[in-house]
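Asks: Please work out how this folds:
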Amino acid sequence: MSIILQSTVGGFSAQFMRKLPLVEQAMREHGLDPAEFVISKDYASTATIPLMGPFFYNYSVFFGDE
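Replies: The predicted model follows:
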C-alpha cells in the first residue's frame, strides 16, 4: 500500500508524485509501512490579494493515530 494523500486545495505536483515511490521504498527499507502515513496539503494562510489567492501551502504528515 502507498502513502495516503489528501488535499483541500487540489492535487500534488507531478514532480512530487514522481518522487513519491522513492520515498515509499526508502520507508519500507527502514521498516516503516507507507500505508500508515497521510500527507495533507492545505493553504498556508488567507490570500493577501483576494483575486490571486494564497501563494504558499502547508504540508502535514500524520502517522497512524497521531
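
Asks: any weak-confidence spans in the chain?
Replies: Along the chain, segments meeting pLDDT under 70 span 46-55, 66.

Asks: Please identify the helix or strand for the residue nearest in space to the middle of it.
Replies: Averaging the C-alpha coordinates of the chain gives a centre point, and the residue nearest to it by CA atoms, centre = their mean is I39 (3.5 Å). Assessed by DSSP states H and E, I39 sits inside strand 37-43.

Asks: so how far is the helix or strand following that strand off the chain centroid?
Replies: Next helix or strand after strand 37-43 toward the C-terminus (DSSP H and E): strand 57-63. Relative to the mean C-alpha coordinate of its chain, strand 57-63 is positioned 6 Å out (CA atoms, centre = their mean, to the nearest Å).

Asks: Stretch 12-31 now?
Replies: Mean-position distance between stretch 12-31 and its chain equals 11 Å (CA atoms, centre = their mean).

Asks: Give me the contacts around that stretch.
Replies: Applying CB atoms under 8 Å, 6 or more residues apart in numbering, the contact partners of stretch 12-31 are 2-3, 5, 33-34, 37, 41. (Glycine included, C-beta is placed from N, CA and C.)

Asks: Mind listing what's buried along that stretch?
Replies: The neighbour-count check on stretch 12-31 (16 or more other CB atoms under 10 Å) flags 20, 24, 27 as buried.
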